[in-house]
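> Predicted model, plus sequence, below.
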Amino acid sequence: MADFTSKFWEWYILIIVALSIAACFALVIWMSRGRKPGTKVETMGHVWDENLAEFNNPLPIWWLYMFYITLVFGIVYLLIYPGSGVFAGAFKWSEVGQYEQEMKVAEQKYGPLYEKFRTQDIKLVASNPEALKMGQRLFMTYCTACHGSDAGGGPGFPNLRDQDWLYGGQPETIKASIMDGRNGAMPPWGAVLGSEGLHNVSEYVMSLSGRKVNAEAAVAGKEKFQQLCVACHGADGKGNPAMGAPNLTDNVWLYGGSQGAIVKSISDGRNGRMPAHGEFLGDAKVHLLAAYIYSLSNKESKAAK
Amino acid sequence: MTHDGNPTDKPEKGEEKKENIYVPSLVEAQAEIAAKRTRVDREPEQGAPPGRVRPTGGQRVPMLAEADAALEALYARHKKVYPREVHGLFANLRVMLASLTLGIYYGLPWFNWGEGRQAFLIDLPERKFNLFAWTFWPQDLFYLAVILILSALLLFFFTAILGRVWCGFTCPQTVWTEVFLWIERKIDGDRMKQMKLAKLPWNREKIVKRTAKYGAWVLFSLWTGFTFVGFFTPIRELAVSAFSFTLSPWEAFWVFFYGFATFGNAGFMREQVCTYMCPYARFQGAMFDPNTLIISYDKVRGEPRGARGRIVDPKSQNLGHCIDCTLCVQVCPTGIDIRNGLQYQCIACVACVDVCDTVMDKMGYPRGLIRYTTENALEGKPSRILRPRVLIYGSLLGAIAAALVISVLLRIPLDVDVIRDRNTLYRETDDGLVENVYTLRILNMDNSAHAYKLTADGIEGMRMQGDAERLTIESGQVRELVVRLQADPVNLKERSSHIRFRVQAEDSANLVATEEARFLGPVIR
């Protein structure tokens, strides 16, 4: 019950609760003793439809008992559950405690369902329709917010259906990406390159994917590319999965393939962040997710089912 | 009224005539009447015009501290009502209706429609409702609302014409109380014996009888609770687990909960449910008008009431037709005196009419001193059945019932929900098309599997890419699938275009469901 910074409020609540219950008891007892004749009211004082009135009849006696039952219930409740300030209740119940208890029960119930796939090879799991169904549900719950319901991604969020993988498409690397997350960092080169340099490099980058470009600018851009970009994207621009540097030759553009978008990526840099899910979901669920994602771009494993 | 005078001479008068008329317990009953008597200033004829008496709670219940002149109690101790057994036209009608309604209640869950399919089953875990040939789903909850509206209108309609017939003949509270009263009579004997037994100390006879009565009530209550749960979980399986003591905790809880509710309500609460708890009891009274059929004592004919010999001409003694035998009070399940006028406690069970008619027959007077009549008829005015409120209730009832039947008959057991991906407005594909992503949930509510064809239209040249174009969905299954729609941006007229998904069963032309959705994309001007 350490929700307040000062003990004062806990006592304040306790005193108000105790006084309220005592006052209710007093009121019920007082009202059960009846009233002096002559002070009574004949009707409730309302008349509808010319002559429809209600007499002030006494309540049945069990109504009085219900008041007492309610009050006793309230006291018992406050003894069991927290509600009276400083006293935490006989069972030390708390919302967090109940959540943890329920999660433990759920873990015992559903844990084995995930657990049985955990020790299997991801490729094998990816050929199991039941596992894929579970994986899809997990994906729908945890992944669609960024990657889309069809895993097709969006601007800034990779498409998981194609063969292009920033960090590698092997089952183990997919699982590692989910478990530990990824941080992709493209540094900004705007200040270094200047506006003409940016244009030239973008022309060269586009030419790598076979797009039509200004050949003169591309040659100038290539020079800058060899100085600044090869460290990550490689001399041939095919990228480096070890650091998540994208392949620039496949015409797949994470942040948009228009020249403007490419210039912006080079000039301002990009910071892509895939959050780590290992601690949150646990190994068994991530295993299933990895299998589902692997199956999306490997149709032969789908056909195997 | 004649009630004030000197109550002491009345029992004597009654006792003299005891053998002549059918009044075995007159002394007792008149003492009871005296105790419950309405005070003179409360008599309806004082304030209201004769006959026009509203159910205003006119009866004065004896108070806890009434003997104590110093204080008036605010709570009244309950006085158990021992209704006398009654025979006659309406009693027979009530037995028939009770048998019918109870027969449906206890029998319906055992009835199967098709192989192993319970005809009436509200399957909460599966979220299905079997009703004979139909299966309803949560998506059909709309029908439940219509049925509830219809029930309310039926109540209004019948109350406007016939008064509280629902209360008197078909209300579960009345019907189950009737059964419990019957059990009570079989074990304890008639009204007099019951009252005598209640006053006895706990001797052997009382213990045996009470054990027998409560035992019979408990068994019947448990059967009731069991049947109730049988509407929600297959009753044949439930019966097996009930007799092998392997009920699941919740099944057991609800069997005992509804058993307990039956035991308490029909065994002990009885008329108090109607007088203190039931909201219908109160507002039905407000739905009466002067043309509504009510149970009424014919004051003009009956008063002044008083005991007399059978051969005596009442006029010579300045008496009306009411012989003050108080049988109408003894048979009343809510313990009121109908001769005080219409009261809110009256559940229109018509027991007083039946019993008064037998007395009138014995006395050689015409029947109907207490009868089903209207306020207008009592005043000698004509009663009309067709009145604006009846016509309005009736036409609403007919229209809604017809609409319900038609819509159930035309119901298409197929449902499709479309959920557009929220986070991405749209994507561009490598070949320059605009792509939107949707999750579709297709629910086959039919009793057999179907193959469906999924199409979408609304934008020229729109293409669908998805997991399955032709899908087979088993009966009662939901298929969730993700589809991508691709359109050429030159064909987009608006940034948000209306499109329509259409699911068509391949084997039935009528089995079609459509659902509107939005397609977002840039407009090229």
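Arrived safely, thanks for sending. The structure displayed is predicted, hence computed values, not measured ones. Residues are numbered from 1 along each chain as shown, chains lettered A, B, ... in the order given.

> What mean pLDDT does the helix or strand containing B:A198 get?
According to DSSP states H and E, B:A198 maps onto helix B:191-199. Throughout helix B:191-199, pLDDT has a mean value of 92.

> What of stretch A:156-169?
Taken as a whole, stretch A:156-169 has a mean pLDDT of 90.

> how about the CA coordinates for it, as PDB?
Provided in PDB are the C-alpha atoms of stretch A:156-169 (Å, rounded to 0.1, in the frame of the first residue of the first chain):
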ATOM      1  CA  GLY A 156      10.800   2.200 -43.200                       C
ATOM      2  CA  PHE A 157       9.600  -1.200 -42.300                       C
ATOM      3  CA  PRO A 158      11.100  -4.100 -44.300                       C
ATOM      4  CA  ASN A 159       9.000  -6.400 -46.500                       C
ATOM      5  CA  LEU A 160       9.300  -9.900 -45.100                       C
ATOM      6  CA  ARG A 161       7.800 -11.700 -48.000                       C
ATOM      7  CA  ASP A 162      10.600 -11.100 -50.500                       C
ATOM      8  CA  GLN A 163      14.100 -12.600 -50.900                       C
ATOM      9  CA  ASP A 164      15.800  -9.400 -49.800                       C
ATOM     10  CA  TRP A 165      17.200  -9.600 -46.300                       C
ATOM     11  CA  LEU A 166      19.000  -6.800 -44.600                       C
ATOM     12  CA  TYR A 167      20.600  -9.100 -42.000                       C
ATOM     13  CA  GLY A 168      20.400 -12.400 -43.900                       C
ATOM     14  CA  GLY A 169      17.500 -14.700 -44.500                       C
END
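
> follow-up on the earlier one: which strands and helices lie in contact with the helix holding B:A198?
helix B:172-188, helix B:204-230 (3 or more C-beta pairs under 8 Å, 6 or more residues apart in numbering or on different chains; DSSP states H and E). Backbone N, C-alpha and C define where each C-beta goes, glycine included.

> mind listing what's buried in that helix?
Under the neighbour-count criterion of 16 or more other C-beta atoms under 10 Å in any protein chain shown, helix B:191-199 has B:191, B:194-195, B:197 buried.

> for it, the distance to its chain's centre please.
Centre-to-centre, helix B:191-199 and its host chain are 32 Å apart (C-alpha atoms, centre = their mean, to the nearest Å).

> if we can go back for a sec, now for the buried residues of helix B:191-199, which pair is the farthest apart?
Greatest spatial distance in the buried residues of helix B:191-199: B:R191 and B:L197, 10.7 Å, computed using C-beta to C-beta.

> Now the spatially most central residue of chain B: closest residue in space that isn't a chain neighbour?
Of all residues in chain B, the one closest to the mean position by C-alpha atoms, centre = their mean is B:C171, 5.0 Å from it. Nearest residue to B:C171 in three dimensions, chain neighbours excluded: B:I347, at 7.6 Å (C-beta to C-beta, 6 or more residues apart in numbering or on different chains).

> what about the helices in the stretch 351-500 of chain B?
For the stretch 351-500 of chain B, the helices defined by DSSP state H, counting those that start in this stretch cover B:351-363, B:375-378, B:388-409.

> er, the stretch 201-350 of chain B actually
Using DSSP H, counting those that start in this stretch, helices in the stretch 201-350 of chain B cover B:204-230, B:235-243, B:249-264, B:271-272, B:279-285, B:299-302, B:327-330.

> mind putting these in JSON lines, mean neighbour count and mean pLDDT included?
Formatted as JSON lines, the helices of the stretch 201-350 of chain B follow (neighbours: other C-beta atoms under 10 Å in any protein chain shown; pLDDT from 0 to 100):
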{"stretch": "helix B:204-230", "mean neighbour count": "17", "mean pLDDT": "96"}
{"stretch": "helix B:235-243", "mean neighbour count": "15", "mean pLDDT": "93"}
{"stretch": "helix B:249-264", "mean neighbour count": "17", "mean pLDDT": "96"}
{"stretch": "helix B:271-272", "mean neighbour count": "19", "mean pLDDT": "91"}
{"stretch": "helix B:279-285", "mean neighbour count": "17", "mean pLDDT": "83"}
{"stretch": "helix B:299-302", "mean neighbour count": "17", "mean pLDDT": "90"}
{"stretch": "helix B:327-330", "mean neighbour count": "25", "mean pLDDT": "94"}
